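Novice: Sequence and predicted structure, then a few things I'm wondering about:
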Amino acid sequence: MSTGGWITMILSVGFVVTLFVWCLSKVLFGREPTEKLHSLDSIDTRDTHGD
Amino acid sequence: MANAIVKEAWTGRLGVILAVAGSAVGLGNFLRFPGLAAKYGSGAFMIAYFTSLLVLGISICWAEWTLGRYAGQKGFHSSPGIFHVLIRHPMGKFIGVLGVIIPVVIYMYYVYIEAWVAGYAYYFLFTDKLSLGGDVAAYKNFWVKFIGAHENGFLLSDGGEVIWFLLAVFILNFIIIYRGLAKGIEFFCRWAMPALVLLALVVLGRVLTLGTPNPDLPEQSLINGLGFMWNPGHVGEQLLNPELWLAAAGQIFFSLSVGFGVIITYASYLTDKDDVVLSGLTASAANEFCEVALGGMITVPAAFVFLGAAGLAGQGTFGLGFQVLPLVFSEMPVGWLFGGMFFFLLFLAAITSSLSMLQPGIAFLEEGLGLNRKQAVALLGLLTAIGCLFVVYFSKDIKALDTIDFWVGTVCIFLMATVIILYFGWIMGIERGWREAHKGAEIRIPGFFRFIIRYLSPLYLITIFALFVLFNVFGWNPQTGAFTPTSYVSDLVGEHPDEVARMSIALIVLIIAFFVILIGQAGKRWDGLAADQAKGGGP
């Protein structure tokens, strides 16, 4: 593996890992709670059950 | 008929992110991306790839999340309904037909491929059917017979085993989708996506400790395998190759599931208090992580270690996935376990994608025709079963699958994505779109994306689409300048047309016509409901 190969691999993998970890940390520890962002009653999907 | 309205939505942000990421992460992340990067020279390819991610992938993704949520607030969750809201014209809803037929038609053949990976996972874990020695031809023969690629009708007349796997995964998809958005799709993706990543990390650990398994072939080492994948080649020269840009943009485009009709549907179940900017970026980042950091480190290096560069030459996605990798795992110590884990993670990647292909159809049948979930699931199940049987019956050379994939799974997606980005940047207007996107947003979109979304993304997308048509329809050879129509054209209108290809196009046209008629009916229903509401009667 050439030096260029190492650089390409580290930059590519490093970029996507950093982006993913940063996003995930913002989602998990950001200002909004992860769960129950809004009430289930607030949206009507017109999804119906029964006959 | 006493219908009880059941209200449902995503139960949390992580749920919708995992569902969108599950839709995006598919077989292409682990099989197609590594092959393309190695083929074009990863240095140049990754430059084109990340440029496309910035200009096409993330930009269209944000536009799609925003438009979906905007229309969802007006009470519509299907693509025709969403375009009925977005384009205030009687024809507007018909543009949305793309957002229904793309996922529904792709499901018809994607579930068949899903059955292949389910079968391979089962064979590795519980049988020795894939212990076929060190000759890749044996694995090719196995795969050809397993999927019936040698004869039309073979699977249905001779009871190929893949049929049982197909039946199982088909039913599993519809059981999950019947449970609804939160209890079905979200619940499944909440455990399937972490499990997928975990399995991939275990397989990655095995690959990175392969060393040099055959001391007689010292050049076939892991380090050289990583070099085969990541060595940059002649970057400047390769960047001038238009095919490289087409391949990189296409990979980003299809990998992120933009223009698919899925994100716009999923986002419609959010409110304007919910973030779409960070959620969209996180779903995209999750996909990129699986593609580059996992797929890019597993597939090609592992194959190189056992087969060398010669064994990888000319292998496409299916060749790499169903011929080369089974050989690699069968040669590896405890390969049955790692092979089983790898194909099971592919199965998880596939089923989280196929589930997302059903929701746009279900959403349309429910809100367009007023069907309840049971009726919508039954109708969509029947329709997709017919299409799937067509693909399975005409299995020779996977001609039906390939033809439908080209015209619907590629051309229609380009069209849909173009509509979305043009609407967001030019019809809704970048300023209004920008405000809509930032409602409830936890992070700000960098300002330069205004320019990218309004100008660069449409220009880049249209250029890539033009290149795609030149290369893959007209068969342009940039070296000679000659045009030789590809088989996708000559199969339909050439001197020796292919009957299966023609029937596949007829099937696509029939499905489009079917949904156009349904959308016409849905439009009348929506107008009636709007008139009732205007009179104060309510729906």
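Specialist: Sure thing, it's come through.
Novice: Enumerate the residues of the stretch 301-450 of chain B near chain A.
Specialist: Where proximity means C-beta under 8 Å from any C-beta of the partner chain, the interface of the stretch 301-450 of chain B facing chain A comprises B:363, B:366-367, B:370-374, B:442-443. (Glycine included, C-beta is placed from N, CA and C.)
Novice: okay, these in CSV with secondary structure and pLDDT next?
Specialist: Conversion of these to CSV gives the following (DSSP: H, G, I helix; E, B strand; the rest coil; pLDDT from 0 to 100):
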residue, secondary structure, pLDDT
B:363, helix, 94
B:366, helix, 94
B:367, helix, 92
B:370, coil, 93
B:371, coil, 94
B:372, coil, 93
B:373, helix, 93
B:374, helix, 94
B:442, coil, 92
B:443, coil, 94
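Novice: Need the max-distance pair from those.
Specialist: Comparing all pairs in these by C-beta to C-beta, the longest separation belongs to B:374 and B:443, at 40.3 Å.
Novice: For whichever residue of chain A sits closest to chain B, which non-adjacent residue is closest in space?
Specialist: Of the residues in chain A, the one nearest chain B is residue A:1, at a distance of 3.3 Å by C-beta to the nearest C-beta. Residue nearest to residue A:1 in three dimensions, not counting chain neighbours: residue B:227, with 3.3 Å by C-beta to C-beta, 6 or more residues apart in numbering or on different chains.
Novice: Dump whichever strand or helix holds that neighbour to CSV, restricted to CA.
Specialist: If you go by DSSP states H and E, residue B:227 is part of helix B:222-230. The C-alpha trace of helix B:222-230 is given here as CSV (Å, rounded to 0.1, in the frame of the first residue of the first chain):
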residue,chain,number,x,y,z
LEU,B,222,-4.2,-7.6,3.7
ILE,B,223,-2.0,-4.6,3.3
ASN,B,224,-1.8,-5.1,-0.4
GLY,B,225,-5.6,-5.7,-0.4
LEU,B,226,-6.1,-2.3,1.3
GLY,B,227,-3.7,-0.9,-1.3
PHE,B,228,-5.7,-2.4,-4.1
MET,B,229,-8.8,-0.7,-2.7
TRP,B,230,-7.3,2.7,-1.7
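Novice: got the contact list for it?
Specialist: Counting by C-beta atoms under 8 Å, 6 or more residues apart in numbering or on different chains, helix B:222-230 makes contact with A:1-2, A:5-6, A:8-9, A:12, B:34, B:37-38, B:42, B:207-208, B:210-212, B:296-297, B:300-305, B:309, B:312, all of which sit outside it.
Novice: Next one: the residue in chain B that chain A sits nearest to from residue A:8, what distance?
Specialist: Across chain B, no residue is closer to chain A than residue B:227, which sits at 3.3 Å (C-beta to the nearest C-beta). From residue B:227 across to residue A:8, the span is 10 Å (C-beta to C-beta, to the nearest Å).
Novice: Please identify which of these two sits among more neighbours.
Specialist: Shown here are residue B:227 and residue A:8; by other C-beta atoms under 10 Å in any protein chain shown, residue A:8 has more neighbours (26 against 19).
Novice: I'd guess the more buried one is in a strand, am I close?
Specialist: No: applying DSSP: H, G, I helix; E, B strand; the rest coil, one finds residue A:8 to be helix, outside a strand.
Novice: The residue nearest to residue B:11 when sequence neighbours are not counted: neighbouring residues, count only.
Specialist: Spatial nearest neighbour of residue B:11, excluding adjacent residues (C-beta to C-beta, 6+ apart): residue B:182 at 5.0 Å. Residues within reach of residue B:182, counting by other C-beta under 10 Å, total 19.
Novice: Now do the SS call for residue B:182.
Specialist: Each residue gets one of three states, and residue B:182 gets helix by three-state DSSP.
Novice: Name the residues of the next helix or strand after the helix holding residue B:227 that are buried.
Specialist: The helix or strand immediately downstream of helix B:222-230 is helix B:235-239, counting by DSSP H and E. Residues of helix B:235-239 classed as buried by neighbour count (16 or more other C-beta atoms under 10 Å in any protein chain shown): B:235, B:238-239.
Novice: The helix or strand just after helix B:235-239 packs against which elements?
Specialist: Past helix B:235-239, heading to the C-terminal end, the next element that is a helix or strand (DSSP H and E) is helix B:242-255. Counting contacts by 3 or more C-beta pairs under 8 Å, 6 or more residues apart in numbering or on different chains; DSSP states H and E, helix B:242-255 packs against helix B:33-40, helix B:42-52, helix B:413-422, helix B:457-472.
Novice: Turn these into JSON lines, including mean neighbour count, distance to residue B:175 and mean pLDDT.
Specialist: Written out in JSON lines, the entries for the helices and strands packed on helix B:242-255 read as follows (neighbours: other C-beta atoms under 10 Å in any protein chain shown; distance: least, C-beta to C-beta, whole Å; pLDDT from 0 to 100):
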{"stretch": "helix B:33-40", "mean neighbour count": "24", "distance to residue B:175": "31", "mean pLDDT": "89"}
{"stretch": "helix B:42-52", "mean neighbour count": "23", "distance to residue B:175": "36", "mean pLDDT": "92"}
{"stretch": "helix B:413-422", "mean neighbour count": "21", "distance to residue B:175": "28", "mean pLDDT": "92"}
{"stretch": "helix B:457-472", "mean neighbour count": "18", "distance to residue B:175": "37", "mean pLDDT": "92"}
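Novice: Out of these, flag the one nearest residue B:131.
Specialist: With distances scored as C-beta to C-beta, the stretch of the helices and strands packed on helix B:242-255 nearest to residue B:131 is helix B:33-40 (24.4 Å).
Novice: Work out the gap between that closest one and the centre of the chain.
Specialist: Counting by C-alpha atoms, centre = their mean, to the nearest Å, helix B:33-40 is centred 18 Å from the centre of its parent chain.
Novice: Now it - C-alpha only, PDB.
Specialist: What follows is the C-alpha trace of helix B:33-40 in PDB, where atoms were taken according to Å, rounded to 0.1, in the frame of the first residue of the first chain:
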ATOM      1  CA  PHE B  33     -19.200   1.100  -3.800                       C
ATOM      2  CA  PRO B  34     -16.000  -0.900  -3.100                       C
ATOM      3  CA  GLY B  35     -16.000  -2.300  -6.600                       C
ATOM      4  CA  LEU B  36     -16.400   1.200  -8.200                       C
ATOM      5  CA  ALA B  37     -13.700   2.800  -5.900                       C
ATOM      6  CA  ALA B  38     -11.200   0.000  -6.800                       C
ATOM      7  CA  LYS B  39     -12.100   0.100 -10.500                       C
ATOM      8  CA  TYR B  40     -11.700   3.900 -11.000                       C
END
